[in-house]
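Asks: No letters, just coordinates:
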């Protein structure tokens with residue numbers, strides 16, 4: 001029997017105030033709280049018969065979570081124009097708070113299956129409970145200025161300062177500026193004779209972005225107290241024990257991406273045909289990654305570190321045909337893009353990072369690999385060479401391992417050592 005109940009409470013408040021002719025203040029507050037409860041009861045069909053502990057006991061499970069998200073924004077905007085000059089600006093503060101609390105309890109062995117016994121207090125055997133709290137906070141300040149002259153020459157400058165509780169105090173703040181310029185050349189006098197061109201703009205941009213999307217407690221070492229240990233002289237006695245299952249890193253900091261881009265926007269015949277072309281170059285540094293450690297370390301989760309740089313360079317093109325007939329409008333679009341991803345470094349030692357473990361028949365290994373000079377997380381595995389048709393083909397192949405049979409994939413023995421193993425994997 002499974003009974004789920006979900007309740008959510010939302011609160012949203014907004015306020016807009018005009019402060020004279022040029023200024024406006026905006027206040028926004030939102031808060032939601034979600035309550036989720038799950039009641040699970042597993043019956044036993046042979047309560048009147050002899051049964052074996054603990055498999056034949058009824059089970060009562062209670063699972064409860066509460067998560068809350070709060071956002072608070074204070075924004076002041078400015079808008080001014082005179083003759084051919086136009087200036088707009090925004091300055092503000094943002095605040096986010098999030099927490100998730102959960103509790104799970106399980107007991108076994110109720111006197112019967114009836115509905116009035118499907119509670120934790122009605123069971124008597126195997127008390128087990130777990131729970132925890134996850135939370136993070138973020139504070140930010142932002143600013144943006146736009147300037148336009150004659151709607152032809154455009155300038156925009158942005159700045160953000162963000163603090164995240166996922167990092168220690170000394171690395172909590174990140175600062176992220178950006179800027180762009182544009183030239184609407186279709187508004188120039190010398191372009192007026194090109195009646196087919198209804199819109200044309202060239203734009204250049206530069207910016208620095210930050211990333212803090214990591215586990216809330218990645219900088220902390222987690223101690224698990226469920227590891228008991230038997231020791232002593234003679235008859236060993238089991239004692240309570242604890243061990244670190246994840247290793248924290250108090251030196252984590254913001255991952256940063258620096259980007260450059262140049263674009264061309266075109267419109268023809270009153271924007272019936274539009275086209276956009278853009279080239280970009282991005283470099284991500286201080287990447288937030290979990291770097292594998294030796295199994296001997298005894299960790300369930302690899303530690304999070306700032307390791308490595310990755311570059312992304314590419315080109316995007318979009319073509320659109322737009323049409324409107326009275327109240328009916330439609331459009332057809334085409335786009336194409338190319339991106340080259342390359343790992344520049346992976347921190348100390350530049351050791352490869354493997355991921356995506358696969359267990360299937362004779363293949364039990366990682367299927368993705370990240371290494372310097374190659375795309376991030378590329379597929380890494382065995383090259384297929386057909387399908388085995390007969391037992392004789394299997395017997396005379398490098399996969400004569402007692403597991404492979406007709407109907408299985410045949411893989412290439414890339415190093416020609418007469419067997420298929422991890423050394424035969426390559427870039428796919």
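Replies: Right, received. Where do you want to start? As the structure is a computational prediction, the values presented were derived from the model and not from experiment.
Asks: Please enumerate residues in contact with stretch 263-281?
Replies: Contact with stretch 263-281 is made by 186, 196-205, 259-262, 311-323, as judged by CB atoms under 8 Å, 6 or more residues apart in numbering. (Glycine included, C-beta is placed from N, CA and C.)
Asks: Now, of these, which are buried?
Replies: For the contacts of stretch 263-281, a neighbour count by 16 or more other CB atoms under 10 Å gives the buried set as 186, 198, 200-201, 203, 205, 259, 261, 312, 316, 320, 322.
Asks: can you put those in JSON lines and add secondary structure, pLDDT and distance to residue 335?
Replies: Converted to JSON lines, those look like this (DSSP: H, G, I helix; E, B strand; the rest coil; pLDDT from 0 to 100; distance: CB to CB, whole Å):
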{"residue": "186", "secondary structure": "helix", "pLDDT": "93", "distance to residue 335": "22"}
{"residue": "198", "secondary structure": "strand", "pLDDT": "93", "distance to residue 335": "21"}
{"residue": "200", "secondary structure": "strand", "pLDDT": "95", "distance to residue 335": "19"}
{"residue": "201", "secondary structure": "strand", "pLDDT": "96", "distance to residue 335": "18"}
{"residue": "203", "secondary structure": "strand", "pLDDT": "97", "distance to residue 335": "18"}
{"residue": "205", "secondary structure": "strand", "pLDDT": "98", "distance to residue 335": "19"}
{"residue": "259", "secondary structure": "strand", "pLDDT": "97", "distance to residue 335": "20"}
{"residue": "261", "secondary structure": "strand", "pLDDT": "97", "distance to residue 335": "16"}
{"residue": "312", "secondary structure": "strand", "pLDDT": "97", "distance to residue 335": "18"}
{"residue": "316", "secondary structure": "strand", "pLDDT": "97", "distance to residue 335": "7"}
{"residue": "320", "secondary structure": "strand", "pLDDT": "96", "distance to residue 335": "9"}
{"residue": "322", "secondary structure": "strand", "pLDDT": "92", "distance to residue 335": "15"}
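Asks: What is the nearest of those residues to residue 61?
Replies: For these, the closest approach to residue 61 (CB to CB) belongs to residue 312, at 45.9 Å.
Asks: Find the nearest non-adjacent residue to that closest one, please.
Replies: Nearest non-adjacent residue to residue 312, counting by CB to CB, 6 or more residues apart in numbering: residue 282, 4.5 Å away.
Asks: Buried residues in stretch 202-217, which are they?
Replies: Neighbour-count burial for stretch 202-217 flags 203, 205, 207-210, 212, 214-217 (criterion: 16+ other CB under 10 Å).
Asks: Stretch 120-134 too?
Replies: Within stretch 120-134, the residues scored as buried using 16+ other CB under 10 Å are 122-123.
Asks: Going by residue numbers, what spans are helices in the stretch 201-350 of the chain?
Replies: Remark: no helices are assigned in the stretch 201-350 of the chain by DSSP state H, counting those that start in this stretch.
Asks: Low-confidence bits of it, can you list those?
Replies: Residues of the stretch 201-350 of the chain meeting the criterion pLDDT under 70: 348.
Asks: on that earlier part again, for the residue nearest to residue 312, give me its contacts.
Replies: Listed by CB under 8 Å, 6+ apart, the contact set of residue 282 reads 257-260, 311-313.
Asks: What residue, apart from its backbone neighbours, is nearest the residue sitting nearest the centre point of the chain spatially?
Replies: What sits nearest the mean C-alpha location of the chain, by CA atoms, centre = their mean, is residue 213, with 6.5 Å. Leaving aside its sequence neighbours, residue 213 sits nearest to residue 288 (CB to CB, 6+ apart; 7.6 Å).
Asks: Is it correct that that neighbour is in contact with residue 304?
Replies: Yes: Residue 288 is within contact range of residue 304, at 6.2 Å (criterion: CB atoms under 8 Å).
Asks: what is in contact with those two at once?
Replies: Common neighbours of residue 288 and residue 304 (criterion: CB under 8 Å, 6+ apart): 214, 252.
Asks: residue contacts, the residue nearest to residue 213?
Replies: By CB under 8 Å, 6+ apart, the neighbours of residue 288 are 211-214, 252, 255, 304-306.
Asks: Residue 69 too?
Replies: Contacts for residue 69 (CB under 8 Å, 6+ apart) come out as 30-32, 96-98.
Asks: Restricted to strands, list those residues.
Replies: If you go by DSSP state E, those have 30-32, 96-98 in strands.
Asks: Please type out the ChimeraX selection for whichever of those residues turn out to be buried.
Replies: Buried members of the ones in strands among the contacts of residue 69, defined by 16+ other CB under 10 Å, are picked up in ChimeraX with:
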select :96,97,98
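Asks: and the ones in strands among the contacts of residue 69 as CSV, adding pLDDT and distance to residue 169?
Replies: Formatted as CSV, the ones in strands among the contacts of residue 69 follow (pLDDT from 0 to 100; distance: CB to CB, whole Å):
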residue, pLDDT, distance to residue 169
30, 98, 27
31, 97, 26
32, 96, 29
96, 97, 18
97, 97, 17
98, 97, 19
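Asks: Adding distance to residue 146, write the ones in strands among the contacts of residue 69 out as JSON lines.
Replies: Output for the ones in strands among the contacts of residue 69, formatted as JSON lines (distance: CB to CB, whole Å):
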{"residue": "30", "distance to residue 146": "27"}
{"residue": "31", "distance to residue 146": "32"}
{"residue": "32", "distance to residue 146": "33"}
{"residue": "96", "distance to residue 146": "26"}
{"residue": "97", "distance to residue 146": "31"}
{"residue": "98", "distance to residue 146": "32"}
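Asks: ok, of the ones in strands among the contacts of residue 69, which one's closest to residue 349?
Replies: Nearest member of the ones in strands among the contacts of residue 69 to residue 349, counting by CB to CB, is residue 98, at 35.4 Å.
Asks: residues in contact with the closest one?
Replies: Residue 98 touches 67-70, 135-137, counting by CB under 8 Å, 6+ apart.
Asks: Just name the closest of these to residue 422, please.
Replies: Using CB to CB, residue 136 comes nearest to residue 422 of the contacts of residue 98, at 39.0 Å.
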